[in-house]
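[1] have a look at this fold, sequence not included:
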């Protein structure tokens, strides 16, 4: 293996190690309740406009059934006791059915015409206590939503589950960047007679840059844009 490739790999490895160390040092997170969207079905059932078949949920007629599912948890290292309701707003849909798993007296929901009010007595840190709930809402209409809720020392945050292919794509991007940079440095070294020391330094720097670009743009958390 050439000095150029070794330098690029060392640079990438050191950058990844430094970035992971930074994340560990800053791992203390604000007291926030996270709503991670894990599934959204804009059309559960579709029928032709002239179809005599109808859909009812809880004895209510539904014309455009849709569903959204979240994983709800406390991402901080301290328990959260919300002092107010958390509101899940549906500007273009009517909530028909709400499910919370596992069922608990600490986590209750009340559905209205355009929103769902959530009452959470307390929520322990998910990392230490595995205090995780799954919230599912079936609506009539487009499942566009907004989650609003905050209080003394706590707030909410909405994210979307990142598909595995995104991480695979980022890994492939890093490999391609390193390959392209290493090839370019080798070409310059061969053509212009650059010594091994200078080529290694250039590859080391390129490894730092490539790894930093990938890490800084990796979607570890995707905020949902309205």
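    Sure, I can see it. Because the structure is a prediction, the values reported are computed rather than measured.
[2] can we go C-alpha only for contacts and neighbour counts from here?
    Fine.
[3] so, low pLDDT: which residues of the chain?
    For the chain, applying pLDDT under 70 flags the ranges 1-28, 45-54, 57-58, 162-226.
[4] can you list the domain ranges for it.
    Following automatic domain parsing, the chain resolves into domains at 3-25+164-223, 32-152.
[5] same question for stretch 123-133: list its buried residues.
    Using 16 or more other C-alpha atoms under 10 Å as the test for burial, stretch 123-133 gives 123, 124, 125, 126, 132, 133.
[6] can you pull the contacts of the fifth one?
    By C-alpha atoms under 8 Å, 6 or more residues apart in numbering, the residues touching residue 132 are 71, 72, 73, 74, 126.
[7] kindly reformat the buried residues of stretch 123-133 as TSV containing secondary structure and distance to residue 87.
    Listed next are the buried residues of stretch 123-133 as TSV, based on DSSP: H, G, I helix; E, B strand; the rest coil; distance: C-alpha to C-alpha, whole Å:
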residue	secondary structure	distance to residue 87
123	strand	16
124	coil	20
125	strand	21
126	helix	21
132	strand	18
133	strand	16
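[8] correct me, but residue 153 touches residue 78?
    No - with contact defined as C-alpha atoms under 8 Å, residue 153 does not count as touching residue 78 (10.8 Å).
[9] now the common contact residues for the two.
    Listed as contacting both residue 153 and residue 78 by C-alpha under 8 Å, 6+ apart are residue 31.
[10] higher neighbour count, the two?
    residue 78 (17 against 12; other C-alpha atoms under 10 Å).
[11] which one is that one nearest to, not counting chain neighbours?
    residue 125 (5.9 Å; C-alpha to C-alpha, 6 or more residues apart in numbering).
[12] residue 156 touches residue 72, doesn't it?
    No - contact criterion C-alpha under 8 Å: residue 156 and residue 72 do not qualify, at 10.0 Å.
[13] common neighbours of the two, please.
    Common contacts of residue 156 and residue 72 (C-alpha under 8 Å, 6+ apart): 33, 34, 35.
[14] so which of those wins on neighbours?
    residue 33 (25 neighbours).
[15] residues in contact with it?
    Residue 33 sits in contact with 72, 73, 74, 75, 80, 154, 155, 156, 157, where contact means C-alpha under 8 Å, 6+ apart.
[16] ok, residue 156 and residue 72, which is more surrounded?
    Neighbour count, other C-alpha under 10 Å: between residue 156 and residue 72, residue 72 has more, with 22 against 18.
[17] and the residue lying closest to residue 102 once chain neighbours are set aside, how far from residue 107?
    Leaving aside its sequence neighbours, residue 102 sits nearest to residue 133 (C-alpha to C-alpha, 6+ apart; 6.3 Å). To residue 107, residue 133 is 9 Å away according to C-alpha to C-alpha, to the nearest Å.
[18] give me the common contacts of these two.
    With contacts defined as C-alpha under 8 Å, 6+ apart, the residues shared by residue 133 and residue 107 are residue 100.
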